[in-house]
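Engineer: pasting the sequence and the predicted model now:
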Amino acid sequence: SFPVHPDGGYIGFVALKSGDFTFDITAHLKPAPNVKKHSSVLAKGSVKVIVPSAPRTPSRDTLRITGAYHPPKGDLALRSNDLLEVAFQGTPGAVAWFAVPGLVDSVPMTEIPPRTQSFWGDAVFGESKLRDSVLPGGVYTGYYSIPLSARIDTARLRYYLASSKTKAVDPAQDMPKRPGVVSDSSLYRLTCNSPEFPFTVRVKDSIIVIRHGVMAGYLATYQPRGVDLLVVGTEADWYKVKLSENQYGWVNSAQVERLPKGVMPPRSEIRSVRHFSYPDSVVFQFPVIGMHPFRCFEDDRRKLRLQLFGVLSNTDWIRYDMRDSLIDYGSWEQPERDLYEFTLNLRQDIWGYDCYYNKGNFCLKIIRAPKDLSTLKGKRIVVDPGHSNDPGSIGPSGYTEAEANLAIALEVRDALVAHGATVIMTRPDMRHVALADRPVIARASDCDIFVSIHNNALPDGVNPFGEFGTASFYYHPHSIDLAKAIHTEMLKETGLPDYGVYHGNLAVIRPTSYPSVLVECAFMMLPEQEALIKTVKFRKQVAKAVTAGLERFCKEFGHGR
């Protein structure tokens, strides 16, 4: 049984094994004191739940292959010297190998011991306890380096598994018909050294992300329309792009357009760099002959490192504007072929920065901190109530996060305006604002700081009674002190448990032009906290905490820490 909050909400946490379940739910009227008669039934209902099976170790009773293990997302196109990595799961204690028809008949594979496979939600937000069910055995791995002579149009791999008691195996024989040997085919197809590759694509979206792997972490963000990339391979609907001699990335094919055969990405040689000083910013210009992929990141609070791919260093001149007090010095190097690296050292902490192309130049823009950081007066602050058409988390009583975020954000707006700030709301009511449009609104408003208001929930599998509280998220290093400042004030004002400060890959806090933070005020999914979020008192506490956190951040930044 679960207690019901006066608002009508309740929550329960039940540990389940894999399978199909039906939960019968009955609501009883709580009996009055000293009444022995069982409470009457108010309502009944049922909920069906399906828990998928975790990977398991196949039985040793029967020799079999259960399927590929962590296979590619789809068909592969590889080139010479690429590694073809293969893994499948089958009966433990056997002998395994794979073949690529028309290329290689027998590549030996080795059974690996069970490896830890943690659930990200539990690892980040829970207790991160490893379950035995996620330690499958019978996994065989192997790899093959694609030779220069290989030419395969399309082929499905063949997996083979033989009993350890089987005598020496001749791959030339018909394996499936041999006693003690089973085989299977890959679901994906392989192409090797296709004359189609390489080819050049051009970014057609306004901004895209280059990733370290298919659906993996971000290598470079905000590549603008017009950047050219050299494609050298594919996996499913993703292109593998060569950035420099030793660096590769992945882009989704839907975000780029293929250029005619023979068109190569630009190759530039940077001979000079020039520094321009403006009242609100500093700009470093790098003359180039095309739009190159790039990457910019913070080595520390006062150092930016720019990487331009497809660029040769021949920088004889760096011209400074000596009237500027923000810049210390810049330096360049060529760590590998087709990779130009420029490091910029500052005399003050980074407030924000931007990268863009303009009239034949790549521009690195460093945003100056606002004047008079002792006060919020005159600061332009974007307040973003998270979600809109997407309701976000839904509380036990049906209260949506989109409604809660707006109610809190309006209190934050009023508190900031009372301190003299200019506040821009990404949405002042329940109208729909797309996720991608919120950073656009912030940039168009020339904001100084960005604060996104949210309320939390947990992924399935994490105990809600042991993991909850208030949390703050940042993405770029120059925003972590803002997250810490607001988080400190949230703990002080609300009295909620400390759920931590996180680096979070969240769309609204990825822009680099300003410090930004996303605040998860409380947990919508908990009846007590859902009820708390509905109160004006709590909303004002959050508003006071956010305001005080912004003041703390600005003052500490102004004092140079």
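Structural biologist: Perfect, I can see it now.
Engineer: which secondary element of this protein has the worst mean pLDDT?
Structural biologist: Across the helices and strands of the chain, mean pLDDT, DSSP states H and E gives its lowest value to helix 120-125, namely a mean of 60.
Engineer: grab the CA positions of the helix or strand just after it and hand them over as CSV.
Structural biologist: Moving toward the C-terminus from helix 120-125, the next helix or strand (DSSP states H and E) is strand 139-145. Taking C-alpha atoms only, strand 139-145 is exported to CSV below (Å, rounded to 0.1, in the frame of the first residue of the first chain):
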residue,chain,number,x,y,z
VAL,A,139,30.4,-12.9,-26.1
TYR,A,140,33.0,-13.5,-28.8
THR,A,141,35.0,-10.6,-30.4
GLY,A,142,37.4,-10.3,-33.3
TYR,A,143,38.7,-7.7,-35.8
TYR,A,144,40.1,-7.5,-39.3
SER,A,145,42.1,-4.7,-40.9
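Engineer: which is the next helix or strand following strand 139-145?
Structural biologist: Past strand 139-145, the next helix or strand by DSSP H and E is strand 152-162.
Engineer: what helices or strands is the next helix or strand after that next one leaning on?
Structural biologist: Later in the chain than strand 152-162, the nearest helix or strand by DSSP H and E is strand 181-192. The contact analysis (3 or more CB pairs under 8 Å, 6 or more residues apart in numbering; DSSP states H and E) places strand 181-192 against strand 65-68, strand 76-78, strand 83-90, strand 152-162. C-beta coordinates here come from the backbone N, C-alpha and C atoms, glycine included.
Engineer: let's see 10 Å
Structural biologist: Counting contacts by 3 or more CB pairs under 10 Å, 6 or more residues apart in numbering; DSSP states H and E, strand 181-192 packs against strand 65-68, strand 76-78, strand 83-90, strand 95-100, strand 152-162, strand 228-235.
Engineer: does residue 416 touch residue 447 like I think?
Structural biologist: No. Assessed by CB atoms under 10 Å, residue 416 is found out of contact with residue 447, at 12.0 Å.
Engineer: neighbour count winner among those two?
Structural biologist: residue 447 (25 against 22; other CB atoms under 10 Å).
Engineer: quick check, residue 326 in contact with residue 346.
Structural biologist: Yes. Using CB under 10 Å, residue 326 is in contact with residue 346, at 6.0 Å.
Engineer: what sits in contact with each of the two?
Structural biologist: 282, 302, 366 (CB atoms under 10 Å, 6 or more residues apart in numbering).
Engineer: nearest to residue 422, of those residues?
Structural biologist: Using CB to CB, residue 366 comes nearest to residue 422 of these, at 22.7 Å.
Engineer: including mean pLDDT, could the helices and strands packed on strand 181-192 go into a markdown table?
Structural biologist: What follows is the helices and strands packed on strand 181-192, written out as a markdown table (pLDDT from 0 to 100):
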| stretch | mean pLDDT |
| --- | --- |
| strand 65-68 | 94 |
| strand 76-78 | 97 |
| strand 83-90 | 97 |
| strand 95-100 | 96 |
| strand 152-162 | 95 |
| strand 228-235 | 98 |
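Engineer: any chance of TSV for those strands, columns mean neighbour count?
Structural biologist: Formatted as TSV, the helices and strands packed on strand 181-192 follow (neighbours: other CB atoms under 10 Å):
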stretch	mean neighbour count
strand 65-68	18
strand 76-78	23
strand 83-90	20
strand 95-100	23
strand 152-162	19
strand 228-235	21
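Engineer: for the stretch 351-500 of the chain, give me the ranges with low pLDDT.
Structural biologist: Scanning the stretch 351-500 of the chain for pLDDT under 70 picks out the ranges 461.
Engineer: ditto for the stretch 151-300 of the chain
Structural biologist: By pLDDT under 70, the low-scoring segments of the stretch 151-300 of the chain are 166-179.
Engineer: if we go to 80?
Structural biologist: 165-179 (pLDDT under 80).
Engineer: returning to what we had before: in JSON lines: the helices and strands packed on strand 181-192, plus distance to residue 244.
Structural biologist: As requested, the helices and strands packed on strand 181-192 are exported to JSON lines (distance: least, CB to CB, whole Å):
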{"stretch": "strand 65-68", "distance to residue 244": "32"}
{"stretch": "strand 76-78", "distance to residue 244": "20"}
{"stretch": "strand 83-90", "distance to residue 244": "19"}
{"stretch": "strand 95-100", "distance to residue 244": "29"}
{"stretch": "strand 152-162", "distance to residue 244": "28"}
{"stretch": "strand 228-235", "distance to residue 244": "10"}
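Engineer: ok so, going back, common neighbours of residue 416 and residue 447, please.
Structural biologist: What both residue 416 and residue 447 touch, as defined by CB under 10 Å, 6+ apart, is the set 379, 381, 383, 422, 423.
Engineer: OK, contacts around residue 315?
Structural biologist: Residue 315 makes contact with 269-273, 286, 330-334, 340, 342 under the criterion CB under 10 Å, 6+ apart.
Engineer: of those residues, which is the most crowded?
Structural biologist: Neighbour-wise, the contacts of residue 315 (other CB under 10 Å) top out at residue 340, 27 neighbours.
Engineer: number of nearby residues for the residue nearest to that one when sequence neighbours are not counted?
Structural biologist: Nearest non-adjacent residue to residue 340, counting by CB to CB, 6 or more residues apart in numbering: residue 311, 3.7 Å away. Residue 311: 26 surrounding residues under other CB under 10 Å.
Engineer: residue 430 contacts residue 404, doesn't it?
Structural biologist: No. In this structure, residue 430 is not within contact of residue 404 by CB under 10 Å, at 11.6 Å.
Engineer: ok, the two, which is more surrounded?
Structural biologist: residue 404 (29 against 13).
Engineer: measure that one to residue 437 for me?
Structural biologist: 21 Å (CB to CB, to the nearest Å).
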